[in-house]
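In: sequence and predicted structure are below.
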Amino acid sequence: DTALLSSSSSSSSSSSSSAAAPPRDVSSSINDIMAAAMTGAIAGFVTTPLDTIKTKLMVDHYHSFIEAWLSSSTSVFAGATARVAWLVPFTAIYLPLFDAIQKWLLEFEEKNNTNASTDTIQRGTETKTKQQQQS
């Protein structure tokens, strides 16, 4: 843990001193994947009772949430293992991939905006030159 903290603090201090972000190392990507997997596991486990009650309300035709909860208080976590097993790989892939694509798109947009503003300045200069030549 201490090594991770020192490496992340040194990389954040180096990124603040330079204009471009430093390249991400493999351990950072693995940390992102592990954090996403843990997020999926926690979310899957915590929301299992709500999903179980929702299913009971729809299938068994209970009249209220409380009635469904009381009738199944011992089985509200039924299926939690399967739900967590489904969500862990899903979130481990989805969240880091979303983050990587978002960063790539932001870099792409920033690069294109820089090129577009340079092109606009060049076109403006060319237009002024043509107008001066015509007059």
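Out: Looks like it came in fine.
In: quick one: contacts of stretch 98-107?
Out: D32 (Cβ atoms under 8 Å, 6 or more residues apart in numbering). C-betas here are computed from N, CA, C, even on glycine.
In: mind listing what's buried in stretch 92-103?
Out: By 16 or more other Cβ atoms under 10 Å, the buried positions in stretch 92-103 come out as A92, L95, P96.
In: enumerate every residue touching the second one.
Out: It stands for L95. Contacts of L95 (Cβ under 8 Å, 6+ apart): D32, A35, A36, T39.
In: now for the protein, the helix or strand with the poorest mean pLDDT.
Out: Of all the helices and strands that make up the chain, helix 2-17 has the lowest average by mean pLDDT, DSSP states H and E, namely a mean of 44.
In: immediately after it, which helix or strand?
Out: Next helix or strand after helix 2-17 toward the C-terminus (DSSP states H and E): helix 26-59.
In: residues contacting the next helix or strand after that next one, please?
Out: As assigned by DSSP H and E, the chain's next helix or strand after helix 26-59 is helix 65-71. When contacts are defined by Cβ under 8 Å, 6+ apart, helix 65-71 is touched by residues P49, I53, K56, L57, D60, Y62, V76.
In: can you tell me the element the last one falls in?
Out: Counting by DSSP H and E, no helix or strand carries V76.
In: how about the contacts made by the residue lying closest to it once chain neighbours are set aside?
Out: The shortest distance from V76 to any non-neighbouring residue, by Cβ to Cβ, 6 or more residues apart in numbering, is to P49 (3.9 Å). Applying Cβ under 8 Å, 6+ apart to P49 gives the contacts W69, V76, F77.
In: want to throw the residues you listed into a markdown table with neighbour count?
Out: Output for these, formatted as a markdown table (neighbours: other Cβ atoms under 10 Å):
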| residue | neighbour count |
| --- | --- |
| W69 | 17 |
| V76 | 17 |
| F77 | 12 |
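In: just these now: which is nearest E109?
Out: E109 has its nearest neighbour among the contacts of P49 in F77, at 44.4 Å by Cβ to Cβ.
In: I figured that closest one hits T52, correct?
Out: Yes. Contact criterion Cβ atoms under 8 Å: F77 and T52 qualify, at 7.5 Å.
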